[in-house]
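>>> Starting from these lines, generate the structure:
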Amino acid sequence: MQNIQVLSRVAAPLGSRTDTPVKDLTSIRLIYRENGAEIQNNIRIGCPTRFDEITVATFGGEARPPEFQWSRQATWKGKARILAKRVQDTLTQLRRVTQHAQPIIDLRRHEPNNMAHMLLGVLPICLYAQQSAGFDVTPLINPLQTPYADLIDLFPIQPLITRQRVSAKIVELYGVRGLAAYELQHTPNCPPLAFLPDIYEGIRFDTDDPIENIFIARKGIRTLANQEDVERVLQARGYVTVYMEDYSVKRQLEIAANAKNVVAIHGAAMALLVLNPIINSVIELQPAHAYHQLYPLCLGRRTKNYSVLLPEYNEAIAHSDWSTISTHKNGPFEVDITSLERSLSEV
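The predicted model follows:
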């Protein structure tokens with residue numbers, strides 16, 4: 001039996017606690033079309049993974065990186081690349097085990113492929129472990145591509161980047177409900193829903209060149225079929241169109257952290273807004289049939305007015321398989337201009 005020591009036991013953050021009162025849940029305005037009719041709902045949303053406490057525990061052991069996996073949609077070329085990575089990984093792990101004096105939190109199951117995975121998954125876990133455990137915890141992460149490495153450098157985190165086996169005290173985070181403990185750090189969506197937005201309290205990205213009203217647009221997938229019409233409406237109200245990928249990582253954070261009014265196409269760039277201490281309004285433009293509450297949950301308690309515009313919603317499509325949903329989620333879609341103008345007038 002492992003010698004497990006509980007190092008920290010604190011109440012779960014507001015919004016993710018089991019006793020969160022209804023008045024403290026996030027309130028959003030949802031506007032969508034169903035069977036051709038426009039429907040408006042003011043709804044309150046809460047974290048679906050609610051806990052009484054968050055505990056931090058440690059035990060001695062050896063951390064091994066997980067095996068690289070391919071998706072069911074992977075091509076033969078994609079599978080060949082993964083197999084090559086597996087061979088290289090096996091050779092790396094045959095080397096001597098790395099000894100690490102400080103406790104580690106192993107996050108190598110997380111393989112980020114966009115900024116949201118870093119800002120909503122990896123970084124909240126790193127920061128929470130450091131803040132709550134009361135000692136220097138070293139995050140153990142995979143080698144990162146340039147934008148994600150640049151992002152890590154902007155935060156008070158000193159990770160150990162390796163695919164080798166590491167021997168150290170291993171830290172785990174658990175959400176506790178009653179007597180039951182649930183692993184948090186390897187469960188999708190648990191970190192952002194349990195820790196945000198408070199985990200970034202006190203981390204500022206001030207700038208002398210803020211953009212007060214921004215429209216976060218997209219290139220590639222999930223673009224707007226009527227973007228010119230949308231931009232015309234927004235420009236008349238002082239909004240500036242921003243493609244985040246055109247800027248350095250630091251500048252992306254500065255733009256997002258200092259905006260007051262935001263219109264954004266649902267996507268990874270919206271995760272940058274978690275660094276904003278208070279937002280007057282967010283209007284999130286979601287594609288048809290692919291309603292998602294992730295950003296309202298992550299940003300809602302720091303946003304005075306949050307609206308979601310959905311062109312159309314069909315329950316049969318929303319509950320179908322990924323291949324059907326992805327056609328709608330990742331394809332071009334139109335924003336209802338009347339609904340957008342109404343939402344802007346109510347900000």
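
>>> What distance do you get for the residue positioned nearest the centre of the chain to residue 199?
For the chain, residue 120 is the residue whose C-alpha lies nearest the centre (CA atoms, centre = their mean; 2.9 Å). Going from residue 120 to residue 199 by CB to CB, to the nearest Å gives 10 Å. In this view, the C-beta of every residue, glycine as well, is placed from N, C-alpha and C.

>>> cool, and residue 256?
If you go by CB to CB, the gap between residue 256 and residue 199 works out to 16 Å.

>>> Between those two, tell me which one has more neighbours.
Set residue 256 next to residue 199 and count neighbours by other CB atoms under 10 Å: residue 256 wins out with 27 against 20.

>>> which residues touch that one?
By CB atoms under 8 Å, 6 or more residues apart in numbering, the contact set of residue 256 is 244, 269, 272, 273, 275, 276.

>>> now swap in residue 102 and tell me
Counting by CB under 8 Å, 6+ apart, residue 102 touches 135, 136, 137, 138, 168, 169.

>>> Compile the residues you listed into CSV and extend it with columns for secondary structure.
Formatted as CSV, these follow (DSSP: H, G, I helix; E, B strand; the rest coil):
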residue, secondary structure
135, coil
136, coil
137, coil
138, strand
168, strand
169, strand
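
>>> Scan these and report the most crowded one.
Going by other CB under 10 Å, residue 137 tops these with 26 neighbours.

>>> measure it to residue 106 for me?
Applying CB to CB, the value for residue 137 to residue 106 is 11 Å.

>>> again with residue 167
According to CB to CB, residue 167 stands 12 Å off from residue 106.

>>> and residue 123, how many residues sit next to it?
27.

>>> Just give the closest residue to it, not the sequence neighbours.
Leaving aside its sequence neighbours, residue 123 sits nearest to residue 155 (CB to CB, 6 or more residues apart in numbering; 6.2 Å).

>>> Residue 127 too?
Closest to residue 127 by CB to CB, 6+ apart is residue 199, at 5.2 Å.

>>> And for residue 175?
Sequence neighbours aside, residue 51 is the residue nearest to residue 175 in space, at 3.7 Å (criterion: CB to CB, 6+ apart).

>>> Who is that neighbour paired with across the strands?
Note on residue 51: beta-bridge partners residue 17, judged by DSSP bridges.

>>> Look up the pLDDT of it for me, please.
With respect to pLDDT, residue 51 scores 82.

>>> Could you pull up the residues touching residue 56?
Contacts for residue 56 (CB under 8 Å, 6+ apart) come out as 6, 7, 8, 9, 129, 132, 133, 171, 172, 173, 174.

>>> hang on, the earlier thing: ChimeraX command to pick out the buried ones of the contacts of residue 256?
One line in ChimeraX is enough to select the buried ones among those; burial here means 16 or more other CB atoms under 10 Å:
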select :244,269,272,273,275,276
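
>>> Can you dump the C-alpha atoms of stretch 237-247 in CSV for me?
C-alpha atoms of stretch 237-247 as CSV (Å, rounded to 0.1, in the frame of the first residue of the first chain):
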residue,chain,number,x,y,z
ARG,A,237,-20.5,50.5,-32.6
GLY,A,238,-16.7,50.9,-32.3
TYR,A,239,-15.7,47.3,-32.3
VAL,A,240,-12.3,46.3,-33.8
THR,A,241,-11.9,43.0,-35.6
VAL,A,242,-9.0,40.9,-34.1
TYR,A,243,-7.5,37.7,-35.4
MET,A,244,-5.5,36.6,-32.3
GLU,A,245,-3.1,34.4,-34.3
ASP,A,246,-1.7,37.6,-35.9
TYR,A,247,-0.2,38.7,-32.6
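
>>> didn't the residue nearest to residue 127 look like it was pressed against residue 128?
Yes. With contact defined as CB atoms under 8 Å, residue 199 counts as touching residue 128 (5.7 Å).

>>> where do the contact lists of those two overlap?
Going by CB under 8 Å, 6+ apart, no residue sits against residue 199 while also sitting against residue 128.

>>> how close does the residue nearest to the centre of the chain sit to residue 114?
With CB to CB as the criterion, residue 120 and residue 114 are 10 Å apart.

>>> repeat for residue 99
Distance from residue 99 to residue 114, counting by CB to CB: 34 Å.

>>> Compare the two (neighbour count), which wins?
Counting neighbours by other CB under 10 Å for residue 99 and for residue 114 shows that residue 114 has the greater number, 14 against 8.

>>> confidence score at the more buried one?
So residue 114 comes in at 88 (pLDDT).

>>> what's the answer for residue 142, then?
pLDDT, residue 142: 85.

>>> Who are the contact partners of it?
By CB under 8 Å, 6+ apart, the neighbours of residue 142 are 65, 108, 110, 111, 161, 163.

>>> Relative to residue 213, which of the residues you listed is nearest.
residue 110 (33.4 Å; CB to CB).

>>> With adjacent residues omitted, what lies nearest to the closest one?
In this structure, residue 110 finds its nearest non-sequential neighbour in residue 122, 5.2 Å apart by CB to CB, 6+ apart.
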